[in-house]
Each structure stands twice: as structure tokens, then as C-alpha cells.
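Novice: Task: produce atomic coordinates for the following.
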Amino acid sequence: LLKSIILHKSISLQSVEYFFNEMIIKHKLKPTINTFLLIFNHCSTMNEFNIYLKRMKDFNLDMNIKIINNLIINSSSSSQIDVFFNLFDKFDIKPNIKSFLLIIKQLKSFNLSNIYIDKMIHHYHLFPNQEIIDELTLQVENQHHQQIVNNFRNKYIK
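Specialist: Numbering: from 1, shown residues only. Have a look, this model is predicted:
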């Protein structure tokens, strides 16, 4: 029931908090990582996120790649991207290819995407796959961009 209630994006964080407390106090149920994944979808500020992050720790649940990727999917601004990298670093979690694909889809800017692909390659030693190159191709604005995409394709896609 809680899952179906929390899944509705129109419900307020305050209502989510009420149902969360009902689940824990009244029904003595222990939340799971998936419970927090759903709750994080309702957090619109880092402060709200940090409150639930602390509550997650209270239940001995740890941050993981699935949660961070879910936050990327639900982020409303490309300015939040650095927050995700701070979370990766803070929890010593290595982003995966899916993380970078999600970030590139959020950025919608060839130049910014190229910066993060560079970070992906040189900092995390991950290499662009076909999906990442396809997403970057959608952002091409000029011949120079196209040449960069072609170079990636030739170098990383066999």
C-alpha cells in the first residue's frame, strides 16, 4: 500500500512522511532501499534528501548506485549533476555506464556532455558504449561536434 501511495508524484512529501511514519510506528514495518528510492522521488531539495538519507542510515541501509541513478533520472536541473558526483565520492561508489548515460540525457548539451564523457574516461576508466554515443549524436550542433562523435565511435565501438 505504501508503495502505491508513494508512487503518485502528486502526493506531497509531507503526506509521504505521514505514511512512512505509519508504516514504521503503527505497523512495525522496516523500510527497504526501494522504500527510500520511492521517497527520494518526492524530495525537491538537498535538505529533504539529507533528512531521508539520515533516516536510511538509522535503518542500517546504505546508499548505492541504484539510488543515485534514480536521483539522476528524477533531477530537474543539470546544475544538480555535481551533487551526484559528490554523492558518488562521499559514499565511495563508482558511477557506472548507466549513470553517465542518464547524466548525458539530462544535460542536453553537447559541450557539457563531452566534459562528462571525458570525466567518465579519464577519471572513472569507463568507455562510451553505443547508447552513450547515440545520445551524444542527438546533441550534435555542428561539424566539429560530429567529428568528436565519429572519433568516439571509431575508438570505442567495435
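
Novice: pLDDT at Gln80, what is it?
Specialist: Gln80 is assigned 76 on the pLDDT scale.

Novice: And for it, the neighbour number?
Specialist: Using other C-beta atoms under 10 Å, Gln80 is surrounded by 15 other residues. (Each C-beta comes from the backbone N, C-alpha and C, glycine too.)

Novice: Could you do Pro95 as well?
Specialist: With other C-beta under 10 Å as criterion, Pro95 counts 24.

Novice: got the contact list for it?
Specialist: 65, 68, 84-85, 88, 120, 124, 126 (C-beta atoms under 8 Å, 6 or more residues apart in numbering).

Novice: Look up how far Ile67 lies from it.
Specialist: 12 Å (C-beta to C-beta, to the nearest Å).

Novice: now swap in Met46 and tell me
Specialist: The gap separating Met46 from Ile67 is 14 Å, by C-beta to C-beta.

Novice: Compare the two (neighbour count), which wins?
Specialist: Using other C-beta under 10 Å, the more surrounded residue of Met46 and Ile67 is Ile67, with 21 against 13.

Novice: List the buried residues in stretch 13-29.
Specialist: By neighbour count, with 16 or more other C-beta atoms under 10 Å as the criterion, the buried positions of stretch 13-29 are 13, 16-17, 19-20, 23-24.

Novice: Could you give the separation of that stretch from the chain centroid?
Specialist: When distances are taken as C-alpha atoms, centre = their mean, to the nearest Å, stretch 13-29 is centred 25 Å away from the chain's centroid.

Novice: Span of it from start to end?
Specialist: End-to-end distance for stretch 13-29: 19 Å, by C-alpha to C-alpha, to the nearest Å.

Novice: Show the residue spans covered by the strands in this protein.
Specialist: Assigned strands in the chain: none (criterion: DSSP state E).

Novice: show me where pLDDT drops low in it?
Specialist: Filtered on pLDDT under 70, the chain yields the residue ranges 1-11, 76.

Novice: From the geometric centre of it, which residue sits farthest away?
Specialist: Taking C-alpha atoms, centre = their mean, the residue of the chain most remote from its mean C-alpha position is Lys26, at 31.8 Å.
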